[in-house]
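**Q** how would this look folded up:
(one chain, ligands or ions: 1)
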Amino acid sequence: MSDGPNQTEIVDVARTADPSRGSFATNFGFIMAAVGSAVGLGNIWKFPYITGEYGGGAFVLVYLGCIAVVGMPLMYAELIIGRRGGSDILGAMRNLAPPGSAAGRLLSYLTGGMAVASGFLILSFYSVVAGWALHFVAVSLGVMPDATLGADGTFKAVSGSKSLSTIWHTVFMILTMTVVAGGIHRGIERLCKILMPVLMLMLVVLLCYVGYTGGLGQSMTFLFEPDFSKLTTAAVLEALGHAFFTLSLGMGAMVTYGSYLKSEQHVIRDGVAIAFLDTLIALMAGAVLFAIVFSAGLEPEAGPGLLFITLPKLFVEMPFGVIVSTGFFLLVVFAAWSSAVSLLEVVVAYFVDEWKFPRTHATWIFGGLVWALGIASACSGDVFDFLDNVTTRYMLPLGGLAIAIFAGWFLSEKDQVSGFVGYGKIGKVLEFLWLVTIRYITPFLIVVVILSKTGALDGVLKETPPEQAEPAVESVESGESGESGESGESGESGESGESGELAD
Ligand code: PHE
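**A** Predicted structure coming up:
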């Protein structure tokens, strides 16, 4: 790559966003909001259970590699597109597409449209799961006296009840819409600046608690001592797919948040901080969960039911179980809340920037539509399964692929390098590495993941050990069974199995 433009040039060419769109007041606020988006059910519910199923240490190592090789370059790409494009995902890409390039424009419209649809669809079922967590908080606090805390019954009672699921989904959507209607600074930034530090503090307290009650040593060994004999191709694919979901990539959340950034000076540093904190929180959540599971003498492979079935059973037997249980599910709700806000923000920003809707109208109208669609997921496991599969298996990776191609091949050099300026020689090296990765490596890996999920690579990649080939539903039903019950394919559908099974 030729010499990048200097600082002054960058400032000159930076498209400054319309100030009436709002912006994050401080860099800390931005980081907390982006971490809030990244840290969600993916970290506290999904990461521990897939790690449990794929055997611990070796999977964690591969996952860390995926975050570094695919996650971080794409994170930079999304943030810089947002910051330079100064608009919602569709508008930002259109603004940055090379003038006169029909392909660039087409890619902007297709990617933007799909991203907005992803935000809409993901939020509709994400909110249902978050609603279940709200129910657990209420049960732990004794606000819902009928439910028996700790029994499978609590989960079945809520996920199997159309009315309860719908009520909690409604409460959660109202919480989400209220924040988004408040705007970037007064709504999202303010919420995340409080929630994220509280969430981390709660995790530290829980870690100390399990350190005291036992199981932490075993949990750490499980998470950090790799046993490569347990590593399968399926595990690697799962790790790669999860890297997207957990960092909120592939659907414009980071593009949208990046568009409210005041300067690109912090993009690299912030991107690293976001990925680091997201990973740290996933590992801490995993450490707490497995410590509880191990101290009860159970095996870690409970599957998707780990959070909602296995843990509550153990909470009742623990000292201060009610407090731990309330704290834990409150943590899940907080994590999901700040993620849900970013999902809705992608949709709202699109209607505000492209269609000039006032923010409050856009929030309540489109949030209301998400709510209505969510009722279908709350009432039918099939709808839930379908939306979960289509979005996390196909739409996010496809969105990631499109964004990588756009960033690598369509963005102007000035836009591409703008976040590296100011880092001297290191910046130059990073710039080179980023460009090679985003142009070739990231697209290649994403295509492999997508093809593997369609089954197209079954002949090429098939070395899943036979004992891992059972359907995910088995492991959910048994809750704490010691059997590993999942093939690589079913990682995402595990949740589906769960809801499909129980929500009918
Ligand atoms: N990253 C969130 C999680 O880990 C989920 C999410 C995906 C949020 C995409 C926004 C966009 O739960």
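
**Q** contacts only, for the residue lying closest to H135 once chain neighbours are set aside.
**A** Of all residues not flanking H135 in the chain, V158 sits nearest, at 4.3 Å (Cβ to Cβ, 6 or more residues apart in numbering). Bear in mind the C-beta positions are built from the backbone N, C-alpha and C, glycine included. Contact partners of V158, counting by Cβ atoms under 8 Å, 6 or more residues apart in numbering, are 131-132, 135-136, 147, 164-165, 168.

**Q** what's the first-to-last distance across stretch 287-304?
**A** The first and final residues of stretch 287-304 sit 17 Å from each other (Cα to Cα, to the nearest Å).

**Q** quick one: buried residues of that stretch?
**A** Across stretch 287-304, burial judged by 16 or more other Cβ atoms under 10 Å covers 287-296, 298, 300-304.

**Q** so it, near the ligand or not?
**A** No: Stretch 287-304 is not in contact with the ligand by Cβ under 6 Å from any ligand atom; minimum separation 13.8 Å.

**Q** the ligand: which of the buried residues of stretch 287-304 is nearest?
**A** Each of the buried residues of stretch 287-304 was checked against the ligand using Cβ to the nearest ligand atom; the closest is P304, at 13.8 Å.

**Q** where do the helices sit along the stretch 251-400 of the chain?
**A** With DSSP state H, counting those that start in this stretch, the ranges of helices along the stretch 251-400 of the chain come out as 253-258, 267-295, 305, 311-317, 321-355, 359-379, 381-388, 396-405.

**Q** for the stretch 51-200 of the chain, that is, sorry about that
**A** 57-66, 72-85, 89-96, 102-141, 152-159, 162-181, 190-213.

**Q** is any part of the last one close to the ligand?
**A** No: Helix 190-213 lies out of reach of the ligand by Cβ under 6 Å from any ligand atom, never closer than 12.6 Å.

**Q** export that helix as PDB, just CAs?
**A** Presented in PDB, the C-alpha positions along helix 190-213 are these (Å, rounded to 0.1, in the frame of the first residue of the first chain):
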ATOM      1  CA  ARG A 190     -26.400   6.900  29.700                       C
ATOM      2  CA  LEU A 191     -27.800   3.300  30.100                       C
ATOM      3  CA  CYS A 192     -24.700   1.500  29.100                       C
ATOM      4  CA  LYS A 193     -22.400   3.800  31.100                       C
ATOM      5  CA  ILE A 194     -24.200   2.500  34.200                       C
ATOM      6  CA  LEU A 195     -25.100  -1.000  33.100                       C
ATOM      7  CA  MET A 196     -21.700  -2.200  31.900                       C
ATOM      8  CA  PRO A 197     -19.700  -1.300  35.000                       C
ATOM      9  CA  VAL A 198     -22.400  -2.800  37.200                       C
ATOM     10  CA  LEU A 199     -22.400  -5.900  35.100                       C
ATOM     11  CA  MET A 200     -18.700  -6.300  35.400                       C
ATOM     12  CA  LEU A 201     -18.800  -5.700  39.100                       C
ATOM     13  CA  MET A 202     -21.500  -8.300  39.500                       C
ATOM     14  CA  LEU A 203     -19.400 -10.800  37.600                       C
ATOM     15  CA  VAL A 204     -16.400 -10.100  39.800                       C
ATOM     16  CA  VAL A 205     -18.600 -10.600  42.900                       C
ATOM     17  CA  LEU A 206     -19.900 -13.900  41.500                       C
ATOM     18  CA  LEU A 207     -16.400 -15.000  40.700                       C
ATOM     19  CA  CYS A 208     -15.300 -14.300  44.300                       C
ATOM     20  CA  TYR A 209     -18.300 -16.200  45.500                       C
ATOM     21  CA  VAL A 210     -17.500 -19.300  43.500                       C
ATOM     22  CA  GLY A 211     -13.900 -18.900  44.400                       C
ATOM     23  CA  TYR A 212     -15.000 -19.200  48.000                       C
ATOM     24  CA  THR A 213     -17.600 -21.900  47.600                       C
END
